[in-house]
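Participant: 3D model of this:
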Amino acid sequence: MIDSMPPAEVANAERFERFGLDADAGTVAMARREFADWLKRFFDLDEVRCSDLVLAINEGLANAAEFAYVSAEQPGTIDICAVHDPRAQTLTVDITDRGTWRTPQTDPAPRTRGRGIPLMETLSDQAIIEPSSAGTRVRLEWHGVTRR
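Facilitator: Residues are numbered from 1 along each chain as shown. Got it, this is the predicted structure:
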């Protein structure tokens, strides 16, 4: 019999990948720290821009952990895959789950929650959220990202 492989963990100048992360606050915090370390190690970002990227991916991870599996019978998982294209100087981050997010608040009443999506949209050059029957994918993209 072949033993199963542990979740994939890749970090190099082109990619940062974490697949099969437990959808919980502790794992999200760990992934956020590792992503921040990856950015600082490989990219020429000032402190503010680096913080913006980390906050944006944290919102995507946190939404997946908090909402994707609320009605599920068992805990779920989250994947994060960041890819840098040195020619285009873009950094694209995909955060995926296999659950269902709650419907965003659209009424004009004062918000007590629901600031994560607007934050992702503001802090990235492009933010796309794609729900499907297989789960939700958040794609965040930044332009002008260069390596050290």
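
Participant: buried residues in the helix ranked longest in the chain?
Facilitator: In the chain, assigned by DSSP state H, the helix with the most residues is helix 47-67. Buried residues in helix 47-67, counted by 16 or more other Cβ atoms under 10 Å: 49, 52-67. All C-beta atoms are positioned from the backbone trio N, CA, C, and that covers glycine.

Participant: One more: stretch 87-106?
Facilitator: Buried positions in stretch 87-106, judged by neighbour count with 16+ other Cβ under 10 Å: 90, 91, 92, 93, 94, 95, 96, 97, 98, 99, 100, 101.

Participant: go on, stretch 21-35?
Facilitator: Within stretch 21-35, the residues that count as buried by 16+ other Cβ under 10 Å are 21, 23, 27, 28, 31, 32, 35.

Participant: Which of those fall in strands?
Facilitator: residue 21 (DSSP state E).

Participant: Make JSON lines from the buried residues of stretch 21-35 and add pLDDT and distance to residue 129 to it.
Facilitator: Converted to JSON lines, those look like this (pLDDT from 0 to 100; distance: Cβ to Cβ, whole Å):
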{"residue": "21", "pLDDT": "95", "distance to residue 129": "19"}
{"residue": "23", "pLDDT": "94", "distance to residue 129": "17"}
{"residue": "27", "pLDDT": "95", "distance to residue 129": "21"}
{"residue": "28", "pLDDT": "95", "distance to residue 129": "17"}
{"residue": "31", "pLDDT": "96", "distance to residue 129": "18"}
{"residue": "32", "pLDDT": "96", "distance to residue 129": "19"}
{"residue": "35", "pLDDT": "97", "distance to residue 129": "19"}
